[in-house]
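Chemist: Starting from these lines, generate the structure:
(one chain, ligands or ions: 1)
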Amino acid sequence: MSDPMAAPEEVHLLSGGAALELHWQHGQRSRIDSDVLRGACGCAACQALRQRGETVAGTGVTLTGAELAGVGALQLFFSDGHNRGRYPWRYLRDLAEPSGAGGD
Ligand SMILES: [Zn+2]
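Modeler: Purely as a prediction, here's the structure:
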C-alpha cells in the first residue's frame, strides 16, 4: 500500500526529454511521454484552451527541465517555452497509470 501523495525518490528525463521517468517508493517506476504531459498541463491558460475544445500543444514537444514546485508537485519546462504547469505527484501517477477500470 503506497501513499498516493508521496514524492518519488528520483525524477529523470529520458531520451533527450521525450519522456519523464519517476521512481516511486517500493521500486515502482512510471514513464510518461512529454507529449502527454504537455497536453495535460493544468495551468489556467491550458485549461481555458481545453474548455474551448482547442488543442493545448502540438506533438513533438520535449522536456527541457523539471524542478520541485513546493512540497507536493513538479514544475516542468517544455521545449515550446511553456513552464507554467504544476504537476502534483498524484496527478503524475494518474497520467502514468490510467486505472484501466474503464475511464468513463
Ligand atoms: Zn499550461
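Chemist: quick one: the residue most central in space within the chain from the ion, how far?
Modeler: Central residue of the chain (C-alpha atoms, centre = their mean): residue 37, 4.2 Å from the mean position. Distance, residue 37 to the ion, using C-beta to the ion, to the nearest Å: 10 Å. Every C-beta, even on glycine, is put in place using the N, C-alpha and C of the backbone.
Chemist: Could you check the pLDDT of residue 40?
Modeler: What the model reports for residue 40 is a pLDDT of 93.
Chemist: Assess the claim that it and residue 94 are in contact.
Modeler: No - in this structure, residue 40 is not within contact of residue 94 by C-beta atoms under 8 Å, at 9.1 Å.
Chemist: With neighbour numbers in mind, choose between the two.
Modeler: residue 40 (18 against 14; other C-beta atoms under 10 Å).
Chemist: Can you classify the closest residue to the more buried one other than its chain neighbours by secondary structure?
Modeler: Among residues not flanking residue 40 along the chain, residue 95 sits closest, at 5.8 Å (C-beta to C-beta, 6 or more residues apart in numbering). Following DSSP: H, G, I helix; E, B strand; the rest coil, residue 95 is assigned to helix.
Chemist: which residues does residue 95 contact?
Modeler: Going by C-beta atoms under 8 Å, 6 or more residues apart in numbering, residue 95 touches 32, 36-37, 40, 87.
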